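# got a sequence here, can you build the structure:
(one chain, ligands or ions: 2)
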Amino acid sequence: MAKFLIVEARFYDHLNDLLIEGAKAALDEQGHRYEVVTVPGALEIPGAVAMAAETGRYDGFVAIGVVIRGETYHFEVVSNESARGLMALSMDGIAIGNGILTVENEEQALVRARPDQKDKGGEAAKAAIAMLALRDRFGA
Ligand SMILES: Nc1c(NC[C@H](O)[C@H](O)[C@H](O)CO)[nH]c(=O)[nH]c1=O
Ligand SMILES: CC(=O)[C@@H](O)COP(=O)(O)O
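Ligands and ions are numbered 1, 2, ... in the order given. Below you'll find the predicted structure:
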């Protein structure tokens, strides 16, 4: 049994609730423990993961968030930079699953957030579990 931290950017409550429901179900299914911490937006997720990883209290991390395109280039910044930050941490040996939706509209987000549809929250949790198993296998 491992200990995971779900780091959520709570920008859209109803969508995050669905993503976290899926992530928790995936972690529960394999008997893992978890905590949830909330940050203002997706751009803050990588920093929060880095801070939490530094404590040594967590074996893996699940990033949860929703980025919906607005009128400006900020969508690209938030989407790309949050993903880049998580990728950098992952390549540093931290077991992470990325469940940050980057979508054009709420309809697309809903389909991907719902556990009974695309379940991207559960998918991200399973990715974090898989990466932790890989890290353990490589003794990283
Ligand atoms: N527009 C969305 C944001 N924007 C906020 C940024 O993530 C960040 O919190 C801010 O720029 C301060 O550093 N965040 C989301 O998670 N989703 C969005 O749709
Ligand atoms: C993804 C975003 O940052 C977006 O929600 C912000 O909207 P806007 O580009 O209209 O300022």
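# mind checking how far A125 is from ligand 2?
According to Cβ to the nearest ligand atom, to the nearest Å, A125 and ligand 2 sit 24 Å apart. The way it works is simple: take the backbone N, C-alpha and C, and place the C-beta from them, glycine included.
# can you report phi and psi for the residue nearest the centre of the chain?
Geometric centre of the chain, nearest residue: A63, 1.6 Å, by Cα atoms, centre = their mean. Backbone torsions for A63, taken as degrees, to the nearest 10, come to phi -90, psi 130.
# pretty sure it contacts I100?
Yes: at 5.5 Å, A63 counts as touching I100 under the criterion of Cβ atoms under 8 Å.
# does the closest residue to P115 other than its chain neighbours belong to a helix, a strand or coil?
Distances taken as Cβ to Cβ, 6 or more residues apart in numbering place G22 nearest to P115, at 3.9 Å, with adjacent residues excluded. Under the three-state scheme (DSSP: H, G, I helix; E, B strand; the rest coil), G22 adopts helix.
# OK, contacts around G22?
113-115, 119-123, 125 (Cβ atoms under 8 Å, 6 or more residues apart in numbering).
# do that again at 6 Å, thanks
Shown in contact with G22 (Cβ atoms under 6 Å, 6 or more residues apart in numbering): 115, 119, 121-122.
# same thing with L5?
Applying Cβ under 6 Å, 6+ apart, the residues near L5 are 35, 52, 58, 61.
# which one of those residues has the most neighbours?
F61 (31 neighbours; other Cβ atoms under 10 Å).
# quickly find the element holding that residue.
Following DSSP states H and E, the helix or strand that holds F61 is strand 60-68.
# that strand - what's its average pLDDT?
Strand 60-68 shows a mean pLDDT of 98.
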